[in-house]
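Engineer: Pasting a predicted model and its sequence here:
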Amino acid sequence: MSNSELPVLYVRPRPVLADRDKNLSLVASNDFSFAAKTNSVPVIATEFTLVCKFFPILFADAAFPQPVALLGLRDEENLFVGADKQWEQDIYVPSYVRRYPFIFLEDKERGEFVLCVDEASPALVEDDSNLLFKDGKPTELADRALEFCRQFQAHHAATAEFVQALVDNDLLVENRADITLLNGDKLSLNGFKVIDEARFNALPAEEFLRWRERGWLHLVYCHFISVSNWAGLIDRVAKR
């Protein structure tokens, strides 16, 4: 897997193996430096309600748009991780970040997802303090990581259905943010899409009802609400 294909945040992900990782532990840490240089992370539909309170929810302009939480206005800048390497208190931490250093990656030969870990993570150490395996079997820690990744993957698939509906109804439009800070500096952010409110309001009644049944209307409104968080990001940049 080339660097361009690596998931956001992950440097050297590889499968978790009982034999190889029998002495591997995960140390508890509030160190979020691994996320300090990303200005957006993927989000899943089930967390839109929380995400929209803190971050703009955008859709990455890709072959298949991915909903993301915008964490900063510049490349490689997360405005919610401080110099102390901690995530700002009382600010929601997206599940994609909380999942790290674990992740599900697809084994295309076997046609299944495999629990992997980013061996570049400083939270992984060779000792017996908080083992992933004991006597050749997964510990509670490994089981929790597996379940968290399994649930995230399921929610990711459900989120993709919602995005596909946005695409099918031509509701996503390219957007660009041109920002002038109080000191006169100018920032420009592009490469993302938003839901066009006029097109959404023009959905046929039958389609609108289908969206209501699927629980997708709520996600659209969360997206619209999240736009108000742009001002907060601009304030954070100014303070830095």
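Structural biologist: Cool, the structure landed.
Engineer: Nearest residue to the middle of the chain?
Structural biologist: residue 42 (2.6 Å; CA atoms, centre = their mean).
Engineer: check contacts around that one.
Structural biologist: With contacts defined as CB atoms under 8 Å, 6 or more residues apart in numbering, residue 42 is in contact with 8, 66-68, 94, 96, 156. C-beta: built from backbone N, CA, C; applies to glycine.
Engineer: mind listing which of these are in strands?
Structural biologist: If you go by DSSP state E, the contacts of residue 42 have 66-68 in strands.
Engineer: Separate out the buried members of the residues you listed.
Structural biologist: 66-68 (16 or more other CB atoms under 10 Å).
Engineer: Would you mind giving the residues you listed as TSV with pLDDT added?
Structural biologist: Below are these laid out as TSV (pLDDT from 0 to 100):
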residue	pLDDT
66	95
67	98
68	98
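Engineer: Could you dump those residues into TSV with distance to residue 229 added?
Structural biologist: Below are these laid out as TSV (distance: CB to CB, whole Å):
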residue	distance to residue 229
66	18
67	14
68	13
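Engineer: quick check, nearest of these to residue 122?
Structural biologist: Distance to residue 122 across these (CB to CB) is lowest for residue 68, with 25.0 Å.
Engineer: returning to that earlier point: identify the bridge partners of the residue nearest to the centre of the chain.
Structural biologist: Per DSSP bridges, the residues bridged to residue 42 are residue 68.
Engineer: if I look at it, how far off is residue 18?
Structural biologist: With distances taken as CB to CB, to the nearest Å, residue 42 is found 29 Å from residue 18.
Engineer: try residue 220
Structural biologist: Going from residue 220 to residue 18 by CB to CB gives 44 Å.
Engineer: more crowded one of these two?
Structural biologist: Set side by side, residue 220 and residue 18 show more neighbours around residue 220, with 19 against 14, by other CB atoms under 10 Å.
Engineer: other SSEs contacting the host helix or strand of that one?
Structural biologist: Using DSSP states H and E, the element containing residue 220 is helix 216-226. The contact analysis (3 or more CB pairs under 8 Å, 6 or more residues apart in numbering; DSSP states H and E) places helix 216-226 against helix 48-51, strand 57-60, helix 140-168, strand 186-195, helix 205-214.
Engineer: mind checking the SS state of residue 17?
Structural biologist: Per DSSP: H, G, I helix; E, B strand; the rest coil, the secondary structure class of residue 17 is coil.
Engineer: count of neighbours near it?
Structural biologist: A count of nearby residues for residue 17, using other CB under 10 Å, gives 14.
Engineer: and what of residue 62?
Structural biologist: 10.
Engineer: With residue 25 instead?
Structural biologist: Neighbour count for residue 25, taken as other CB under 10 Å: 18.
Engineer: Flag the shaky bits of this protein, pLDDT-wise.
Structural biologist: For the chain, applying pLDDT under 70 flags the ranges 1-4.
Engineer: and with 80 instead?
Structural biologist: The chain contains residues with pLDDT under 80 at 1-5, 108-111, 180-185, 240.
Engineer: what's near enough to touch the residue nearest to residue 223 when sequence neighbours are not counted?
Structural biologist: Distances taken as CB to CB, 6 or more residues apart in numbering place residue 57 nearest to residue 223, at 4.9 Å, with adjacent residues excluded. By CB under 8 Å, 6+ apart, the residues touching residue 57 are 43, 48, 51, 67-70, 222-223, 226.
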